[in-house]
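Undergrad: Turn this into a structure:
(chains A and B)
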There are 2 protein chains.
Amino acid sequence: MRYQLYYWPDIQGRGEFVRLALEEAGADYVDVARRPRGRGVAAMMKLISARRAARPPYAPPFLKAGKLVVAQTALILFYLGPRLKLAPSDEAGRLWAHQLQLTVSDLVVEIHDTHHPISGWLYFEEQRPAARRRTKDFWRYRVPKFLGYFERVLQRNGGKYLVGRRLSYVDLSLFQIVEGLRYAFPRRMKRFEKKIPGLVALHGRVAKRPRIAAYLASKRRIPFSQWGIYRYFRELDG
Amino acid sequence: MRYQLYYWPDIQGRGEFVRLALEEAGADYVDVARRPRGRGVAAMMKLISARRAARPPYAPPFLKAGKLVVAQTALILFYLGPRLKLAPSDEAGRLWAHQLQLTVSDLVVEIHDTHHPISGWLYFEEQRPAARRRTKDFWRYRVPKFLGYFERVLQRNGGKYLVGRRLSYVDLSLFQIVEGLRYAFPRRMKRFEKKIPGLVALHGRVAKRPRIAAYLASKRRIPFSQWGIYRYFRELDG
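TA: Below is the predicted model:
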């Protein structure tokens, strides 16, 4: 099965959680919107706005697997998990992995909203005071609650993987959370990391997996930038 | 199977999407935290903070079904859907219903953040200017995008149900979205409703279903209030 991933071609964004799973599994996939000369984005927009599609995706990312179109990051991973051997094989385990991934999704919204608390349509500079206040609250209450939770889940599961006895897409997603927070908030994150030693070690192990290391060093890995979920603003970094 | 629902006892909140499904199905369930004399909330907090639980929920709502604990609103509905006959029976249909419900979840976050764009820990009065700007953006861009999408999905499916050929939990959730927006933004919503005739009609049909009508008239339906997702502030109502 050749999977077709549809996502914005210039940012890691939410699509990155799916790319990491496809890369770790060595899956056969096409990153459709990154095709040359803009044709890929046109193909993506065509699928979203198709007038007759009975089941149109609301937004990227979405995945085509044969005739099936699956949208929503966590749902794409729920679908791919067993197929890529990146999820438990039993139903309860798969639901648990998905539950954790949905909590990752909740965290991702809150990370994004630190720099854009008012509107995605406005520049950061147009919502700076609100961004400062939201970021302060985020690091005071939300990061400790979210990452404290994932640290607990990891430790209770033995410290090596978040779910089950082998790597899952949830581990890959937590790698991306740590990696992104380091980019967007280097000073704050450095101070915070001592509270989540398990997640930091997990991040290190994921980064060294052969396929992930090769991917991160390749041109397929889009660099962090001032677009997408993770953005660096010195004044938000405490 | 007697289901045990755990959610805050004084608000509709996210738990209401699950309550509506359980009520429509006439399911045997206990709303644990609403047990008398506060013992229910204590039971809920105990489950969340249990030191040995291998799979602790991150936050309410969560559902106990035998030994299984399922958290995350959309996931609870994904789990309950086929069991309550409120979801399609085929895999692609169940994934599609779940995908729509995840988009409902995204909308719910944005509804909440209209009145609390900076922090859930602060009063509305402490984030009023940001709330006004976010609400303006919400009604200008986000409501048309989200509800326009659901209206399209509904119309393409024949106009009666969002998914398949019979009622699903997604229809019940869209009822709750319309109902809540009417409470929180009566003037804005009144103006907007002419753009979503299908969803408005769906809301009316759901409200008249015998079990839903009986539930809405009962004490089990917690009234809207100044807590939870939907809150009325005249200055945000345009």
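Undergrad: mind listing the helices for chain A?
TA: Along chain A, the segments classed as helices by DSSP state H run A:15-24, A:39-49, A:73-83, A:91-115, A:128-137, A:143-156, A:169-184, A:186-192, A:197-208, A:210-216.
Undergrad: Output the contacting helices and strands for the third one.
TA: So the one you mean is helix A:73-83. helix A:15-24, strand A:62-65, helix A:91-115, helix A:169-184, helix B:91-115 (3 or more C-beta pairs under 8 Å, 6 or more residues apart in numbering or on different chains; DSSP states H and E). Yep, even glycine has a C-beta here, placed from its N, CA and C like the rest.
Undergrad: what about the fourth one, average pLDDT?
TA: Same thing as helix A:169-184. Here helix A:169-184 scores 98 as its mean pLDDT.
Undergrad: pLDDT value on the residue lying farthest from the centre of chain A, please?
TA: The outermost residue of chain A, judged against the average C-alpha position, is A:Arg52 (30.3 Å), by C-alpha atoms, centre = their mean. With respect to pLDDT, A:Arg52 scores 81.
Undergrad: quick revisit: kindly present the helices of chain A as JSON lines, with separate columns for mean neighbour count.
TA: Formatted as JSON lines, the helices of chain A follow (neighbours: other C-beta atoms under 10 Å in any protein chain shown):
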{"stretch": "helix A:15-24", "mean neighbour count": "24"}
{"stretch": "helix A:39-49", "mean neighbour count": "15"}
{"stretch": "helix A:73-83", "mean neighbour count": "24"}
{"stretch": "helix A:91-115", "mean neighbour count": "21"}
{"stretch": "helix A:128-137", "mean neighbour count": "20"}
{"stretch": "helix A:143-156", "mean neighbour count": "18"}
{"stretch": "helix A:169-184", "mean neighbour count": "23"}
{"stretch": "helix A:186-192", "mean neighbour count": "14"}
{"stretch": "helix A:197-208", "mean neighbour count": "16"}
{"stretch": "helix A:210-216", "mean neighbour count": "14"}
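Undergrad: Now tabulate the ones you listed in JSON lines and tack on distance to A:Trp121.
TA: Shown next, in JSON lines, are the helices of chain A (distance: least, C-beta to C-beta, whole Å):
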{"stretch": "helix A:15-24", "distance to A:Trp121": "21"}
{"stretch": "helix A:39-49", "distance to A:Trp121": "18"}
{"stretch": "helix A:73-83", "distance to A:Trp121": "22"}
{"stretch": "helix A:91-115", "distance to A:Trp121": "13"}
{"stretch": "helix A:128-137", "distance to A:Trp121": "14"}
{"stretch": "helix A:143-156", "distance to A:Trp121": "26"}
{"stretch": "helix A:169-184", "distance to A:Trp121": "20"}
{"stretch": "helix A:186-192", "distance to A:Trp121": "27"}
{"stretch": "helix A:197-208", "distance to A:Trp121": "33"}
{"stretch": "helix A:210-216", "distance to A:Trp121": "32"}
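Undergrad: Least reliable of these by average pLDDT, please.
TA: Going by mean pLDDT, the lowest-scoring of the helices of chain A is helix A:39-49, which has a mean of 87.
Undergrad: quick check, it touching chain B?
TA: No. Figure legend: helix A:39-49 not in contact with chain B (C-beta under 8 Å from any C-beta of the partner chain); closest approach 9.9 Å.
Undergrad: Now tell me what touches that helix from outside.
TA: Helix A:39-49 is contacted from outside by A:6-9, A:31-35, A:53, A:56-57, A:59-60, A:62, A:69, using C-beta atoms under 8 Å, 6 or more residues apart in numbering or on different chains.
Undergrad: could you pick out which of those residues are near chain B?
TA: Answer for those near chain B (C-beta under 8 Å from any C-beta): A:53, A:56-57.
Undergrad: Just the buried residues of those.
TA: Buried subset of the ones next to chain B among the contacts of helix A:39-49 (neighbour count, 16 or more other C-beta atoms under 10 Å in any protein chain shown): A:56-57.
Undergrad: just to revisit the earlier point, closest one to B:Ile229 among the helices of chain A?
TA: With C-beta to C-beta, the closest approach to B:Ile229 among the helices of chain A belongs to helix A:91-115: 14.2 Å.
Undergrad: related to what we said a few turns ago, of the ones next to chain B among the contacts of helix A:39-49, closest to B:His116?
TA: Of the ones next to chain B among the contacts of helix A:39-49, the one sitting nearest to B:His116 (C-beta to C-beta) turns out to be A:Pro57, at 28.6 Å.
Undergrad: Surely the closest one and A:Val69 touch.
TA: Yes. Taking C-beta atoms under 8 Å as the definition, A:Pro57 is a contact partner of A:Val69 at 6.2 Å.
Undergrad: B:Gln99: which of the helices of chain A is closest?
TA: helix A:73-83 (5.5 Å).
Undergrad: Show me how chain A divides into domains.
TA: Chain A resolves into domains spanning A:3-83, A:91-236 when parsed by automatic domain parsing.
Undergrad: And A:Gly180, how far from chain B?
TA: 19 Å (C-beta to the nearest C-beta, to the nearest Å).
Undergrad: residue contacts, A:Arg14?
TA: Going by C-beta under 8 Å, 6+ apart, A:Arg14 touches A:7, A:60-61, A:73, A:108, A:229.
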